[in-house]
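Asker: Fold the following, please.
(one chain, ligands or ions: 1)
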Amino acid sequence: MWEQVQETVNYINDKFNFKPEYGIILGSGLGSFTDEMKIVHTLPYNEIPNFPVSTVQGHKGALVFGTIGDKTVVAMQGRFHFYEGYSMTEVTFPVRVMKFLGVQKLIVSNASGGVNPAYKVGSIVLITDHINMTPEHPLRGKNDERFGPRFVNMSEPYSRKMIAKVTAIAQNLNIEVYEGIYLGLQGPTFETLAEYKMVKILGADCVGMSTVPEVIVARHMDLETFGVSVITDMGNEESIGSISHDEVLEAAKEAEPKVRKLIRELIVNY
Ligand code: HPA
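Answerer: Predicted coordinates for the structure are as follows:
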């Protein structure tokens, strides 16, 4: 995998000499974030050697390079989910590439189902920690020390400094944010009522089908990481009947302007 990552990085570096400091994975709730960027280059996934190709509706597949203020950024427009059939190595491959393009800080966004009763559809949650219940670990197998250590310290998977910064920004902008623990499952089914209850009993505030593998691999390589989740549905008796992909996309879209502002200010001011 080391050689593949280097090959991909060399391909991109040969194409255009651009060193991003920030990497952003644009999930539901942040899809239009590239509008905040002064775009310098766009590279569709299907042109990038060794990159998987995105399959989910509503997800575009491209690496977008640009600037926000005086910060350099590479954004993943569209991500790879384990439930689509990709291996965990494929799901997390772009994070490895971003690291060797020069990225030091990774921002990850997603949509999730809320089980914390304080949340509502549209709530913005700053992820403070996660519970990994995806069925395969992205670091399983022989460890390559050139990426990072065999046993990764996960005491601070989400940068407390970045969380504090976004909390202050949100206060200034009068945007309501929550903190919460994200539990990662494989999907693609939304959870049963019993599973949402389990998620809550296990100590999480929200549940989704992404983010955890990417953040594990980011921490393996010592990237400073920030995660934000938009609550697109509530996993409780009253709401579970109406949960659908359309509802998720609509709720994510509504919260998008606020999430965009928070992330923009984080990048410019951090
Ligand atoms: N469960 C899992 N993934 C999700 C959900 C959910 O309720 N909402 C958005 N992504």
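Asker: interface residues of the protein facing the ligand?
Answerer: 111-113, 187, 190-191, 207-209, 232-233, 235, 243, 248 (CB under 6 Å from any ligand atom). Using the backbone N, CA and C atoms, a C-beta is placed for each residue, glycine as well.
Asker: Of those residues, which belong to strands?
Answerer: Among the residues of the chain next to the ligand, the residues falling in strands (DSSP state E) are 111-113, 207-208, 232-233.
Asker: picking up where we left off before, out of the residues of the chain next to the ligand, the closest to the ligand would be?
Answerer: Closest approach between the residues of the chain next to the ligand and the ligand, by CB to the nearest ligand atom: residue 113, at 2.1 Å.
Asker: Beta-bridge partners for the closest one, please?
Answerer: For residue 113, the beta-bridge partners are residue 207, residue 233 (DSSP bridges).
Asker: Could you tell me which residues make contact with it?
Answerer: 190-191, 196, 206-208, 231-235, 243 (CB atoms under 8 Å, 6 or more residues apart in numbering).
Asker: from these, which has minimum pLDDT?
Answerer: On pLDDT alone, residue 243 ranks lowest of these, at 88.
Asker: Leaving out the residues flanking it, which one is nearest to that one?
Answerer: Nearest residue to residue 243 in three dimensions, chain neighbours excluded: residue 233, at 4.4 Å (CB to CB, 6 or more residues apart in numbering).
Asker: Show me what the mean pLDDT comes to for stretch 77-94.
Answerer: 94.
Asker: mind listing what's buried in that stretch?
Answerer: 77-82, 84, 86, 88-94 (16 or more other CB atoms under 10 Å).
Asker: Not counting its own residues, what contacts that stretch?
Answerer: In contact with stretch 77-94 (CB under 8 Å, 6+ apart) are residues 1, 4-5, 8, 25-27, 31, 34, 45, 50-52, 54-56, 59-64, 76, 134-138, 140, 186-188, 209-210, 213-214, 216-217.
Asker: for the stretch 151-270 of the chain, what spans make up the strands?
Answerer: Per DSSP state E, counting those that start in this stretch, the stretch 151-270 of the chain carries strands over the ranges 177-184, 206-208, 224-234.
Asker: deepest of those, which one?
Answerer: Most buried of these by mean neighbour count (mean count of other CB atoms under 10 Å) is strand 206-208; its value is a mean of 28.
Asker: Go through stretch 111-127 and flag the buried ones.
Answerer: Applying 16+ other CB under 10 Å to stretch 111-127 flags 111-116, 119, 121-127 as buried.
Asker: Run the angle between the longest helix along the chain and strand 224-234 for me.
Answerer: Criterion DSSP state H: the longest helix present in the chain is helix 245-269. Orientation note: helix 245-269 sits at an angle of 150 degrees relative to strand 224-234 (axes from the mean of the first three to the mean of the last three CA atoms, to 10 degrees).
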